[in-house]
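Chemist: Sequence plus predicted model, see below.
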Amino acid sequence: MMKQGTSLRVRLPVLVFVSEVVFLALYAIFVTYDDNANAKFQNNLTNPMDNSLYRDYPYFADVQVMIFIGFGCLLAFLRFYGFSGMVFNFLTATYAIQWAILVQGYFQFYSDGKIHLGVINLLNAEFACAVVLISFGAVLGKVSPVQLLVMALLEIPVFSVTEWAVLKYLKINDAGGSILIHLFACYFGLGVTFVLYRPSLNEGHHKEVTSYQSDILSVMGTLFLWVFWPSFNSALTFKGDDQHRAILHTFIGLSASTLTAFALSTIFNKRGKITMADVQNVTLAGGVTVGASVDMMISPAAAYALGVIGCTACMLGYKYLTPFLARRLRIQDQCGIHNLHGLTGLISCLAGICAILLASEETYGPSMYQIFAHRAPMEGDPKLLELQQLIPGLKPGLGRTAEVQAMYQVAAIFSTIAAAALGGVVTGFIMKLPFLAPFSDDFCFDDELFFDMPSDFDSLTAGLVKEMSNDENTKV
Amino acid sequence: MMKQGTSLRVRLPVLVFVSEVVFLALYAIFVTYDDNANAKFQNNLTNPMDNSLYRDYPYFADVQVMIFIGFGCLLAFLRFYGFSGMVFNFLTATYAIQWAILVQGYFQFYSDGKIHLGVINLLNAEFACAVVLISFGAVLGKVSPVQLLVMALLEIPVFSVTEWAVLKYLKINDAGGSILIHLFACYFGLGVTFVLYRPSLNEGHHKEVTSYQSDILSVMGTLFLWVFWPSFNSALTFKGDDQHRAILHTFIGLSASTLTAFALSTIFNKRGKITMADVQNVTLAGGVTVGASVDMMISPAAAYALGVIGCTACMLGYKYLTPFLARRLRIQDQCGIHNLHGLTGLISCLAGICAILLASEETYGPSMYQIFAHRAPMEGDPKLLELQQLIPGLKPGLGRTAEVQAMYQVAAIFSTIAAAALGGVVTGFIMKLPFLAPFSDDFCFDDELFFDMPSDFDSLTAGLVKEMSNDENTKV
Amino acid sequence: MMKQGTSLRVRLPVLVFVSEVVFLALYAIFVTYDDNANAKFQNNLTNPMDNSLYRDYPYFADVQVMIFIGFGCLLAFLRFYGFSGMVFNFLTATYAIQWAILVQGYFQFYSDGKIHLGVINLLNAEFACAVVLISFGAVLGKVSPVQLLVMALLEIPVFSVTEWAVLKYLKINDAGGSILIHLFACYFGLGVTFVLYRPSLNEGHHKEVTSYQSDILSVMGTLFLWVFWPSFNSALTFKGDDQHRAILHTFIGLSASTLTAFALSTIFNKRGKITMADVQNVTLAGGVTVGASVDMMISPAAAYALGVIGCTACMLGYKYLTPFLARRLRIQDQCGIHNLHGLTGLISCLAGICAILLASEETYGPSMYQIFAHRAPMEGDPKLLELQQLIPGLKPGLGRTAEVQAMYQVAAIFSTIAAAALGGVVTGFIMKLPFLAPFSDDFCFDDELFFDMPSDFDSLTAGLVKEMSNDENTKV
């Protein structure tokens, strides 16, 4: 009966088609090309190779691989949930990007009554999409695709408003998105999973297992994320030396956290072996940890240290915090996003604040006022004119001191977490509405509920039953 | 006995070595470097970073991923035909590109008695190769690798001549290759499969099934195609805003068709579930549908609408047209290329014609005469001089009106389809020659015929037998 | 008992943490940003888009995909050794790059007491890492991860010193790394495996088999290597026409060797079928063979011929030389690196020498003295001033004749092979030390020794036992 109630036949098409009609109307009314994509604005002074496309597209393409292939494979780590992991990721990402182009576009690329569309918007929309996919990690295997789309539908506006408010009013430094992407996504996801609590899953679920193939597929996803993470962390920095540093730091941080993850994995395994879940997740911690300070002059050694520290926190989180959250706080964090994005995000923010407090003209030269734009002198300050002779395009700032900037960073952390958690809880309640095809615990982690399965799937599930009875016999 | 007759031992090496000797001779006699790859033409006025390499190589690399990995994985969707899908794709693509460099090079890059070779030729050759691989989709599982190479050997010249004739005499707009790539490939493939008709396959074939792993692999292929399709559609446009729009439209079109595909998939499935074949194929329809107008000022909303419409046509084609073609017209279209490339290609062409008819200087500014090059005024027309002051490099055109250009587009559609279908039928007859290792229906969709199989393959096929007998028992 | 002695619990963490402390200290003391990544050196004359990042990063990203995904998948070809192939590759690569940034950085990017770090160092470090991974191929399945890290720890300095000495004292042309990468890696690996000789493996090992899935995964790895190999071979050439030619030659060489590999595979298979191991390895031979002359004006036809010749040598090596080396010379070359990197590397070097001897100003124009930098006239030679008017940045050379340059190339080949083989043998002896978790022959090619396996792994191994007993019955 419960299974009956989960058919997607009416629910999914209705949600999709209604969304499409609304999206199409909004695109038709509000979306036009930005100047770099508009034929009308090209003239004999335009050099085609100076088009913003050539600055943005390589990074956009790399992030696309991460979103669709990296995340898709990584989330396919469960033995009977490979279709869902990979395909729901595809569906949700597509939906989230379409919607983010509109919502985020309204907050960031709106002028003269129009959203001006270029590859830079797509890139920003993919970051918003990454937020949704990280949150998805908390509820993997426990929600229907309709619920996922509703989550995307609600999370994108909450995220966009938070992002806009933080950037407009608090004016922070967050090149790698530690606050706005990782912390937001994490606490939103935890908010959702808190509301969708399923007590029985704390006793384990017989389908919550991996297989030889699914583990390999998931490592492939990790490798795609690993390889292109430098592009992710550097996509929205200033061009030139800033982006160069962002790439160096991300690579070094990831590399240090990978090595650490292997060492810790064998320490925590009771037979001194490597655990694939650690390879799939903990290796990536360094990419998040360097995020908030990724474009600053923190030194390569600091990036290395951040990778080691982030990885250690992430690993300890998986071993001790995740079970604690599930049992005591009713927060069932399926993929451990609190370890990979929450704890590491917090460390990243702390490191970013330290980097801000330590920044000096001695280290950065005058370009300090470009990276820390809000520390630039205000309009009218004679120092501004002086600096503008050294850096022609420098915009007037707010004349903030390092300490003031640091306090705004702290304010951004807390307000982002609060907005995310609240948004997540409210979204969770909406996702629980019965017509969104929620299902009973029995059907968790099983592709069969929502997919037409190939004929060998039955023998795969039969394999599990046999293994379990063998285990039982061994125990007896 | 039939199986005996399919050994590749003599046939494949003879075909390959003869081809290689001929190719090598032709390369030695006719192929030299283009100016951008020739050391002799570099002097103190040459800026190395202005080399055409840096404009072309990123797109070439993306298309390489699509051809070798995207297509390869996508075609590996059958349970016992994964080796063949992926490896025959590799073999055929390599052969087709080598041959296309020569044949297409003769038509497009020939001067002073030499074919001038640069990355741009490789890129063009990969498009020719894509044509062969799309056609391959119609006969997947039913032809030997020797037959495939013969198909490539014949299709490349027919394609190159058609392309040359259409571009030289009809002078059309077709940035995304809707006419010359998708329609040509589709009708050529249908021509071939029409001749290679195997009546018994209409009753189904017991090995024409997927498996859990093969479905996942095939989705990975789809994702690689999806992610890099914007590069494919924009690789040969003008640089600057044209290429920028091509990327935006392709992304939006694909995105809209993906969402639509999920909704339609659950509608057409009798239990309201998602069908993996739809995820693998129908999601991609939007990339084809935006092709013919991909660099025009059609507006983002139009790209969205095209994605939805193309996807719907493609899905209806899979459900109704493909079975009809197989049963009534003897056209067995294994991968449904008529849906993904034929129907969507036709819609794309119609959209392109509309976009041509609606194009105005008001929307495009003077660069209209660059995009619609044949509408530019003719040599000697005073308007040309006027325009050349606005756009210095503008070449004289043919002074066509929008209506005339539209009629040439229509002519190109029909002549391309005719040339392709005819070429396909003739090629089909040649492929039927007995020494090309054709085989009986029993051996269709089975890697074992042409590959040395690993030892676990027998147990995989035994699994199928067991499932079938279980099914029988259940039915009884 | 032997199994007990292989726990990684103490060994791996100790090695990793000690390494990390040392690396971190060295990074802190010695590593700073290079000028392109240093905020302090940016001023109003700096154009951010001229940053070296934009020249180097695209090639770095491509090589990253090759190292982590290409190699990773390729090495996962064994049925019960997929985790190890992919994950040990990940671990070893990460470790090798971190270490190479320091060691190679000291030899190549050291000035004013600091190693100056930019993406170009990472790119060089990835080449050093490729050396380690190629050597790894010789001992795949027969060493513990601790032994692998020790191998990386020792191979990186031997490689860096050799590279530095050859480039500084012999001054050779080797754009694609045929001598310094492929020959070094090959003979180092053979040296190691010679010392780690396991006689019983010459009789075969029951787990040295592939599976349907592992073969497909491995072909995917091949395809990633294939697609990005042009970036690998051209990453360190001069920009402009040199890099353009390097990409053309690599593509053509790979393409020719791929076609040849298919033909030879069916010839050598006793039933005229295609062998997957050939598709996975022999197809790539052309990429190595064009290496030493990859940026020279050898003509596209010569690149084609090199692909065919390299592939043939590689295939013959697999069929005849590898078994001979294992049985007679105690050199068990698991992945056949001597065929894919040794034989092809030697052919490549010969081709490079021919290209050097044939090079003339007639073919290259004045830029001959840029490509063959050591043939440029010496400081003070009036010819130098003449040339510098044609090529402004030309540096004074050594005034070598083609014959002298060729002799230095020969000297480089022999000294590299000698250094590599000696280094490999010494490294092999160190790797044999008992506390590095070596293990008995029984545990070769088995993930279970070092990984916590998913529950379906037992049924996979049970499948093998069943197949073997079936085989036995059939034989009886």
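Modeler: Here it is on my side, so go on. Every value quoted in this text rests on a predicted model; they were computed, and no experiment measured them.
Chemist: Can you give me every residue that contacts A:G70?
Modeler: Counting by C-beta atoms under 8 Å, 6 or more residues apart in numbering or on different chains, A:G70 touches A:221-222, A:224-225, A:228. For the C-beta atoms, the positions are set from N, CA and C on the backbone; glycine is no exception.
Chemist: Same list (these) but as JSON lines, adding distance to chain B, pLDDT and neighbour count.
Modeler: Formatted as JSON lines, these follow (distance: C-beta to the nearest C-beta, whole Å; pLDDT from 0 to 100; neighbours: other C-beta atoms under 10 Å in any protein chain shown):
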{"residue": "A:G221", "distance to chain B": "10", "pLDDT": "97", "neighbour count": "23"}
{"residue": "A:T222", "distance to chain B": "15", "pLDDT": "98", "neighbour count": "25"}
{"residue": "A:F224", "distance to chain B": "10", "pLDDT": "98", "neighbour count": "24"}
{"residue": "A:L225", "distance to chain B": "14", "pLDDT": "98", "neighbour count": "23"}
{"residue": "A:F228", "distance to chain B": "11", "pLDDT": "98", "neighbour count": "25"}
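Chemist: to the chain's geometric centre, what's the distance from the lengthiest helix in chain A?
Modeler: In chain A, with assignment by DSSP state H, the single longest helix is helix A:402-431. Relative to its chain's centre, helix A:402-431 lies at 15 Å (C-alpha atoms, centre = their mean, to the nearest Å).
Chemist: what comes up buried for that helix?
Modeler: A:402, A:405-406, A:408-409, A:412-413, A:415-417, A:419-421, A:423-425, A:427-428, A:431 (16 or more other C-beta atoms under 10 Å in any protein chain shown).
Chemist: what residues does the stretch 51-200 of chain A put near chain B?
Modeler: A:51-53, A:57-58, A:61, A:64-65, A:68-69, A:72-73, A:76, A:82-83, A:86-87, A:90-91, A:94-95, A:97-98, A:117-119, A:122, A:145 (C-beta under 8 Å from any C-beta of the partner chain).
Chemist: Tell me where the stretch 51-200 of chain A has helices.
Modeler: Counting by DSSP state H, counting those that start in this stretch, residue ranges of the helices within the stretch 51-200 of chain A are A:53-64, A:71-74, A:82-108, A:119-139, A:145-165, A:184-195.
Chemist: ok, now the stretch 301-450 of chain A?
Modeler: Counting by DSSP H, counting those that start in this stretch, the helices of the stretch 301-450 of chain A are A:322-328, A:337, A:344-358, A:361-364, A:368-371, A:382-390, A:402-431.
Chemist: Around A:D447, how many other residues sit close by?
Modeler: Counted with other C-beta atoms under 10 Å in any protein chain shown, residues neighbouring A:D447 total 27.
Chemist: My error: substitute A:F23 in the last question.
Modeler: The burial count for A:F23: 22, using other C-beta under 10 Å.
Chemist: Over to A:L45?
Modeler: 5.
Chemist: on that earlier part again, mind checking which of the helices of the stretch 301-450 of chain A is nearest chain C?
Modeler: helix A:361-364 (4.4 Å; C-beta to the nearest C-beta).
Chemist: Any chance you could list what contacts that closest one?
Modeler: A:297, A:368, A:371, C:39-40.
Chemist: which of those lies closest to chain B?
Modeler: For those, the nearest to chain B is C:A39 (23.7 Å; C-beta to the nearest C-beta).
Chemist: Report the contact partners of A:D381.
Modeler: A:396, A:399.
Chemist: sorry, back to before: so which of the residues of the stretch 51-200 of chain A next to chain B also contact chain C?
Modeler: Answer for those near chain C (C-beta under 8 Å from any C-beta): A:P58.
Chemist: Mind putting the helices of the stretch 51-200 of chain A into a markdown table with mean neighbour count?
Modeler: Formatted as a markdown table, these follow (neighbours: other C-beta atoms under 10 Å in any protein chain shown):
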| stretch | mean neighbour count |
| --- | --- |
| helix A:53-64 | 22 |
| helix A:71-74 | 27 |
| helix A:82-108 | 24 |
| helix A:119-139 | 25 |
| helix A:145-165 | 22 |
| helix A:184-195 | 28 |
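Chemist: Which one of those lies nearest to A:A301?
Modeler: helix A:53-64 (26.3 Å; C-beta to C-beta).
Chemist: Report the inter-axis angle for the closest one versus helix A:82-108.
Modeler: 140 degrees (axes from the mean of the first three to the mean of the last three C-alpha atoms, to 10 degrees).
Chemist: Let me see the contact set for A:I29.
Modeler: Neighbour list for A:I29: empty [criterion: C-beta under 8 Å, 6+ apart].
Chemist: ah, wrong one, I meant A:C444
Modeler: A:C444 touches A:141-142, A:198, A:201, A:205, A:207-208, counting by C-beta under 8 Å, 6+ apart.
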